[in-house]
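Enquirer: no sequence on this one, just coordinates:
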């Protein structure tokens, strides 16, 4: 009998739900433990030491739930801590950077791509390091967009003039350049997909959740006789914000139990 | 011989430096241990349980430094956790709410004041509870302004169009009302003092740091023979952001040692 594969998915907060949504859409028959570190979000403006320390605790919690593989559904952790986590924990761990870069490399025609993300992500050079080694013919630029996450977390919608002005502020420098592909290097950013596309109509956007969900399907054999997903939602600060989150972008998430976790103890 | 009094001042991050600046300006001869919880900022969007837990750790750290009194230089902690801290720790602990309300009560002529702060501060009703008990003739309104802290922390200046538009969004509802006094109920907000005053030219602003610094002077006898302040700056995530912070608003802060603290261990 085929049984559900059990994976862990974590993020600094709620943004990783966009990745989980894409994973659930593309991979039926998965059992998922989602962890959102809502008591310590955001990670993107913290130092690498602190980000790695938090990510280690997040992984230890998921291991305590007997998951078989872990998806780092956080652009910042993927950029800063993925190698440290892979070395420390003997379990398959997959981040967003490689799938996103592979997807971007496939579509760019000008061979110049841009990555947007938190300050920590952009400063890490994780995207450019991977692309330089794997696709040496590509150029990579990066732009930190630190106000995007607070805008989304505080309920500013895509069509709000403040959102539009902020998107234009960060992204207008790449208009009329030879960049033709933009990696949305933070799992919150799909909530701004439409306004970013309007601001940069000629640029191809890469959603890291979509790119990652294909990689997850390759990593784990999925049962063919199960058409549902089971998700347990765990947060370090109760379900803060989960219910008021913009669920229009999260249509593939199944209902599931919501639990509070004391992450400091892991 | 008069010696330096040693107090602890803490905030969720860097905003409390505006309070420390006001305290140093008004109270020469103080030795201060400042703690900013930069590894877990912001507090204002978290649940009361988590805010109290973090505040208890912050106080335990300051007690380990042998301070004689503690100033809660954080609007959110003052609103959510002050009573719990006072009951738990046998040391004078002072928050921003009472001094700010006392200052507002002195200047209002219409008897209608407004408090702006984080979502947690406004939802707590801490300001209105105190005012209702102490000044029953006053009316209190409240407005949550959750994007102000991220704007300031991410370097958006007062004169930036995005800052102005956001200030107008949150505060235009109180224009042309009978509110004549506005408490800036978060220690970050003095960085927006000028743009808030331009948006609401007829309203008297109350800076909680200035109000609090007078209360600190009354709490502790200060030596008359010492004209300097000594400050030790402690942060949970190294000095992240401290150096790029807008120090034009922090002219009274003395130089001092900067230290990193593992706050989870307290």
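Expert: Yep, it's here. All figures in this text were calculated on a predicted structure; none of them were measured in a lab. Numbers count the residues shown, from 1 in each chain, chains lettered A, B, ... in the order given.
Enquirer: Which element, helix or strand, includes the residue in the stretch 101-250 of chain A positioned nearest to chain B?
Expert: Of all residues in the stretch 101-250 of chain A, residue A:150 sits closest to chain B, at 3.5 Å by C-beta to the nearest C-beta. For every residue, glycine as well, the C-beta is placed using N, CA and C. Take DSSP states H and E as the rule and residue A:150 turns out to sit in helix A:148-153.
Enquirer: what's the answer for residue A:10, then?
Expert: Using DSSP H and E, the element containing residue A:10 is strand A:5-11.
Enquirer: so what strands line up beside that strand?
Expert: Sheet pairing of strand A:5-11 (DSSP bridges) gives strand A:30-36 (parallel), strand A:69-72 (parallel).
Enquirer: can you redo those strands as TSV with mean neighbour count and mean pLDDT?
Expert: TSV is the format used below for these (neighbours: other C-beta atoms under 10 Å in any protein chain shown; pLDDT from 0 to 100):
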stretch	mean neighbour count	mean pLDDT
strand A:30-36	25	94
strand A:69-72	25	95
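Enquirer: Can you lay out those strands as JSON lines showing distance to residue B:181?
Expert: Shown next, in JSON lines, are the strands paired with strand A:5-11 (distance: least, C-beta to C-beta, whole Å):
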{"stretch": "strand A:30-36", "distance to residue B:181": "39"}
{"stretch": "strand A:69-72", "distance to residue B:181": "48"}
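Enquirer: who wins for proximity to residue B:107 among those?
Expert: Ranking these by distance to residue B:107, with C-beta to C-beta as the measure, places strand A:30-36 first at 43.5 Å.
Enquirer: Run through who's touching that closest one.
Expert: The contact list for strand A:30-36, computed with C-beta atoms under 8 Å, 6 or more residues apart in numbering or on different chains, reads A:4-14, A:16-17, A:20, A:23-24, A:58, A:61-62, A:65, A:67, A:216, A:220, A:222, A:229-236, A:242, A:261, A:263.
Enquirer: Equivalent analysis for stretch A:57-69, please.
Expert: Contacts to stretch A:57-69, defined as C-beta under 8 Å, 6+ apart, come from residues A:5-8, A:10, A:33, A:35, A:37, A:70, A:77, A:85, A:88-89, A:91-94, A:219-220, A:232, A:234, A:261, A:263-264, A:266.
Enquirer: What's the first helix or strand after the strand holding residue A:10?
Expert: Note on strand A:5-11: by DSSP H and E, the next helix or strand toward the C-terminus is helix A:16-26.
Enquirer: Could you pull out the buried residues of that next one?
Expert: A:16-24, A:26 (16 or more other C-beta atoms under 10 Å in any protein chain shown).
Enquirer: rewinding a little: residues in contact with the residue nearest to the residue of the stretch 101-250 of chain A closest to chain B when sequence neighbours are not counted?
Expert: Using C-beta to C-beta, 6 or more residues apart in numbering or on different chains and skipping the chain neighbours, the partner closest in space to residue A:150 is residue B:150 (3.5 Å). Shown in contact with residue B:150 (C-beta under 8 Å, 6+ apart): A:146-147, A:150, A:154, B:42.
Enquirer: out of those residues, which are buried?
Expert: A:146-147, A:150, B:42.
Enquirer: Near chain B, which residues of chain A are found?
Expert: Chain A comes close to chain B at residues A:38-40, A:45-47, A:49-50, A:146-147, A:150-151, A:153-154, A:156, A:161-162, A:165-166, A:169, A:236-238, A:240-241, A:264, as judged by C-beta under 8 Å from any C-beta of the partner chain.
Enquirer: hmm, back to that, measure the residue nearest to residue A:150 to residue A:50 for me?
Expert: 18 Å (C-beta to C-beta, to the nearest Å).
Enquirer: next one: residue A:61
Expert: Computed as C-beta to C-beta, the residue A:61 to residue A:50 distance reads 17 Å.
Enquirer: can you count the residues close to residue A:160?
Expert: For residue A:160, the neighbour count with other C-beta atoms under 10 Å in any protein chain shown is 15.
Enquirer: Quick check on it: phi, psi?
Expert: The phi and psi torsions at residue A:160 (degrees, to the nearest 10) take the values phi -70, psi 140.
Enquirer: The helix ranked longest in chain A versus strand A:5-11: what angle between them?
Expert: Counting by DSSP state H, the longest helix found in chain A is helix A:48-64. Calculated by axes from the mean of the first three to the mean of the last three C-alpha atoms, to 10 degrees, helix A:48-64 forms an angle of 150 degrees with strand A:5-11.
Enquirer: Buried residues of helix A:48-64, list them for me.
Expert: Of all the residues in helix A:48-64, those buried under the rule 16+ other C-beta under 10 Å are A:50-59, A:61-62.
Enquirer: what does the average pLDDT come to for that helix?
Expert: For helix A:48-64, mean pLDDT is 97.
Enquirer: Any regions of the stretch 151-266 of chain A where pLDDT drops low?
Expert: A:221-225, A:239-248 (pLDDT under 70).
Enquirer: List buried residues within the contacts of strand A:30-36.
Expert: A:5-14, A:16-17, A:20, A:23-24, A:58, A:61-62, A:67, A:216, A:220, A:229-236, A:242, A:261, A:263.
Enquirer: thought residue A:258 was touching residue A:237?
Expert: No: using C-beta atoms under 8 Å, residue A:258 makes no contact with residue A:237, being 11.8 Å away.
Enquirer: Give me the more crowded residue out of those two.
Expert: Taking other C-beta under 10 Å, residue A:258 and residue A:237 do not tie; residue A:237 has more neighbours (23 against 15).
Enquirer: Doesn't the more buried one belong to a strand?
Expert: Yes: counting by DSSP: H, G, I helix; E, B strand; the rest coil, residue A:237 is found in a strand.
Enquirer: and the residue lying closest to residue A:16 once chain neighbours are set aside, how many residues sit next to it?
Expert: Excluding its sequence neighbours, the residue lying closest to residue A:16 (C-beta to C-beta, 6+ apart) is residue A:73, at 3.3 Å. A count of nearby residues for residue A:73, using other C-beta under 10 Å, gives 30.
Enquirer: does residue A:73 really touch residue A:20, like I thought?
Expert: Yes: using C-beta under 8 Å, residue A:73 is in contact with residue A:20, at 6.4 Å.
Enquirer: what is in contact with the two at once?
Expert: Counting by C-beta under 8 Å, 6+ apart, the shared contacts of residue A:73 and residue A:20 are A:9, A:209.
Enquirer: mind giving me the domain split of chain A?
Expert: Following automatic domain parsing, chain A resolves into domains at A:5-96+A:211-265, A:97-208.
Enquirer: could you show me where the helices are in the stretch 101-250 of chain A, in order?
Expert: Using DSSP state H, counting those that start in this stretch, the helices assigned to the stretch 101-250 of chain A run over residues A:119-124, A:126-134, A:148-153, A:161-171, A:193-199, A:208-219.
Enquirer: Which stretch among those helices is buried most, on average?
Expert: Most buried of these, by mean neighbour count (mean count of other C-beta atoms under 10 Å in any protein chain shown): helix A:148-153, with a mean of 25.
Enquirer: Model confidence for residue A:93, exactly?
Expert: At residue A:93, pLDDT is 95.
Enquirer: Quick one: residues contacting it.
Expert: Contacts here follow C-beta under 8 Å, 6+ apart; on that basis residue A:93 touches A:59, A:69-72, A:82, A:85-86.
Enquirer: Brilliant, that's me finished.
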